[in-house]
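Student: Dropping the sequence and predicted coords here.
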Amino acid sequence: MSNVQARVAVPRCVSDKYLYQRYRLFERFDDGIVLDEESWFSVTPEKIARHIAERCLDGSVVLDPFVGAGGNAIQFAMQCSLVLAIDIDPLKIELTRNNAHVYGVADRIECLTGNALELLPLLHGALDHSRCGPLLWVPSFTSSPPCLGKVDVIFLSPPWGGPDYIQHQPFLLSEHLQPYRALDLLNLSFQVTPNVAFLVPRNIDLQDLSRLLAQCIPPQTHCEVEYNFLGQKCKTATLYFGALIGTQIQP
């Protein structure tokens, strides 16, 4: 048992509802996957995470600034050349490292603890460098970032406010996303790359989304909204921008 497995067991407050879905979250759950309390209701189900990753550009460098327990990062690592995984919670980084080892992709995921919003503006200046460009130092990070250069895709999956997000009918992305502002996240991301995927609640209001995208810098006139289903139930929605719009999954 790893250190993180010894310290993080299944919390007593996790309901049977989430325990029942553990193999939907991670198909290899019994091989050593570890989640903290928050991750039980925030991890993207594996089939959805795999689908999103397959829509991204082959061989790309993906930035996941809200990595959590690593569900999406693991699937990106199976498709892409490198994943830069960031979380402000050191425990989440430990979970990601542990879970990436379970899936055999730990060597393709660079994990950093810190505030991703401090990194995105710095990456804007690295766009013209090679993928082994100059080192970037971010003050809040507990370790030195790796060699950072061109980022091809940014995947946004910020907190939605816990399970109570569903109480917003509809969910206004411009107002209800907390503690981060959707407009700030999008503007910072578009400064780095036009290729952005944004995981959002299934009950998102499309008119509010349209108004939000008009406020972006630059204004976004094209966005694909994809609703993600498991069986007959819609679980999430994903917004695609840039070259990710209309990408086809190879059979």
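Tutor: Everything's here; your move. Numbers count the residues shown, from 1 in each chain.
Student: Could I get the pLDDT score of residue 42?
Tutor: Here, the pLDDT recorded for residue 42 equals 91.
Student: what residues are up against it?
Tutor: Contacts for residue 42 (Cβ atoms under 8 Å, 6 or more residues apart in numbering) come out as 68-69, 159-160. (Glycine included, C-beta is placed from N, CA and C.)
Student: Would you mind listing which of these are buried?
Tutor: Listed as buried from the contacts of residue 42 are 68-69, 160; burial here means 16 or more other Cβ atoms under 10 Å.
Student: TSV please, covering those and showing distance to residue 175.
Tutor: Compiled in TSV, those are given as follows (distance: Cβ to Cβ, whole Å):
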residue	distance to residue 175
68	23
69	27
160	12
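Student: which residues in the protein form helices?
Tutor: 3-7, 16-20, 22-25, 37-42, 46-54, 71-79, 90-103, 116-124, 173-176, 182-192, 206-214 (DSSP state H).
Student: hey, which of those helices is tucked in deepest?
Tutor: Of all the helices of the chain, helix 71-79 has the most neighbours on average by mean count of other Cβ atoms under 10 Å, namely a mean of 26.
Student: which non-adjacent residue is nearest the most centrally placed residue in the chain?
Tutor: When Cα atoms, centre = their mean is applied to the chain, the residue found nearest the centroid is residue 157 (4.1 Å). In this structure, residue 157 finds its nearest non-sequential neighbour in residue 199, 4.3 Å apart by Cβ to Cβ, 6 or more residues apart in numbering.
Student: tell me which residues form a beta bridge with the one you found?
Tutor: residue 238 (DSSP bridges).
Student: burial measure for it, as a count.
Tutor: 20 (other Cβ atoms under 10 Å).
Student: Please give me every residue in contact with it.
Tutor: Counting by Cβ under 8 Å, 6+ apart, residue 199 has contacts 44, 52, 72, 155-157, 236-238.
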